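Q: Build me a structure from this.
(one chain, ligands or ions: 1)
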Amino acid sequence: MSEWTAETAEWYAAHYGEYATNRLAVDALELPNDAVIVDVGCGAGAALRHASQRVTTGALIGVDPVPRMVEIARERAGDHPAAARLDFRIGPAEKLPVEDSLADFVFAFDSFDHWQDKAAGLAEVGRILRPGGQLVVVKDGGVPGGAKAAKAFVAELAKAGFAVVRTESIAVEDVAFALWVCTAAE
Ligand SMILES: C[S@@+](CC[C@H](N)C(=O)[O-])C[C@H]1O[C@@H](n2cnc3c(N)ncnc32)[C@H](O)[C@@H]1O
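A: Residues are numbered from 1 along each chain as shown. Modelled structure (predicted):
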């Protein structure tokens, strides 16, 4: 049973909906202007709204299993200049409401640790990524449990068929987070 409900969605969006990792992680990526991005566990949609400044012709799809969270993401996108390209859908990582081989990038910003079934979620990410597409995982504060846990996380990705091609610890302003970029292993 997930702890994410309409009430926690309201609370999260009010306190952390625009949390800086959304902006800083997007800034750390090279995003072509025609990229298709799917943000899994998109929360209030801040990462996609920020990405829209550089992804000016591509598609920006946010997915979250909590209907109230999706409603909030839609509300915040309402009067945004990229509103017509911001598409928020209800669904969990384990059953993504997204077509096969559509995404150039799948974001999991502070959401991976909330997925109920990580193997099923990663299989879904593999299904929706186009060949050569990238999964970008962000964990605020790094990996709880330090180096050992980070190694276990990379092994979990490898088991699901993903190879890590970039790992970075980013500390900017008053925020520190870890970022992994992964592709489907050959
Ligand atoms: C800590 S919030 C992060 C939200 C946003 N990515 C951000 O960084 O602001 C975690 C998000 O994961 C979502 N979530 C919970 N269970 C999930 C699941 N099984 N699949 C995908 N997302 C899930 C929650 O609804 C919530 O929006």
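Q: Only C-alpha atoms, please: export the lowest-mean-pLDDT helix or strand in the chain in CSV.
A: For the chain, using mean pLDDT, DSSP states H and E, the weakest element among its helices and strands is helix 146-159, scoring a mean of 88. Presented in CSV, the C-alpha positions along helix 146-159 are these (Å, rounded to 0.1, in the frame of the first residue of the first chain):
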residue,chain,number,x,y,z
GLY,A,146,26.2,5.4,1.3
ALA,A,147,28.6,3.6,-1.1
LYS,A,148,27.3,0.1,-0.4
ALA,A,149,23.8,1.1,-1.1
ALA,A,150,24.9,2.9,-4.3
LYS,A,151,26.6,-0.3,-5.5
ALA,A,152,23.4,-2.3,-4.8
PHE,A,153,21.4,0.3,-6.7
VAL,A,154,23.7,0.0,-9.8
ALA,A,155,23.4,-3.8,-9.5
GLU,A,156,19.6,-3.5,-9.4
LEU,A,157,19.8,-1.4,-12.6
ALA,A,158,22.1,-4.0,-14.3
LYS,A,159,19.8,-6.8,-13.4
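Q: So for that helix, what gets flagged as buried?
A: Buried residues in helix 146-159, counted by 16 or more other C-beta atoms under 10 Å: 150, 153, 154, 157. Backbone N, C-alpha and C define where each C-beta goes, glycine included.
Q: Columns distance to the ligand on top of those, output as JSON lines?
A: JSON lines is the format used below for these (distance: C-beta to the nearest ligand atom, whole Å):
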{"residue": "150", "distance to the ligand": "19"}
{"residue": "153", "distance to the ligand": "16"}
{"residue": "154", "distance to the ligand": "20"}
{"residue": "157", "distance to the ligand": "16"}
